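K.L.:
return atomic coordinates for the entry below.
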Amino acid sequence: MWNTLLGEGKIGQQLLTAWIAKENLRTLLALTRTGADRHRVGHARWKFLTWCADSDIPEVRQLAITGDRWWPEIDAFIGTGHSNARSEGINRVIKLVARHAFGFRNADNQRLRTRCVTTRRASGHLRTAQP
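P.N.:
Okay, the predicted model is just below:
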């Protein structure tokens, strides 16, 4: 893949640079499952941040800025393995249902619809449901 992208000129080089940045971030976040020591986490963070900062792509540099700004939260995730992804997912579903129910005349029906979609039993089919 690398040779193909490099053969495409500047756009290929930019795609490769962004892809490597993404892979460095994935490597950093994957340390959650390994119980890595602080030195290893610090090295992976340094590798990700320097790669992004040295790139000539504004979006990749912004990714480094955002990652650095959110470092305390990322570090907590790496250290504990816990995140708020579940609650964020439920909030996303609630907003989606509310958008689909926009214009309902009965607010109680809208609340009931939201509650039904976000219950444990219903959550198994949320991933496959199409709006």
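K.L.:
my guess is Asn24 meets Lys47, correct?
P.N.:
Yes: under the criterion of Cβ atoms under 8 Å, Asn24 makes contact with Lys47 at 5.6 Å. Where you see a C-beta, it was placed from the backbone N, CA and C, and this is true even at glycine.
K.L.:
out of the two, which sits in the busier spot?
P.N.:
Applying other Cβ atoms under 10 Å to Asn24 and Lys47 shows that Asn24 carries more neighbours, namely 22 against 15.
K.L.:
ok, that one to Pro72 distance?
P.N.:
Taking Cβ to Cβ, to the nearest Å as the measure, Asn24 and Pro72 are separated by 19 Å.
K.L.:
now swap in Gly89 and tell me
P.N.:
Using Cβ to Cβ, we find Gly89 at a distance of 22 Å from Pro72.
K.L.:
when those two are compared, which one has more neighbours?
P.N.:
Of the pair Gly89 and Pro72, Gly89 is the one with more neighbours under other Cβ under 10 Å, namely 14 against 8.
K.L.:
now name the helix or strand holding that one.
P.N.:
Element membership for Gly89 (DSSP states H and E) is helix 85-100.
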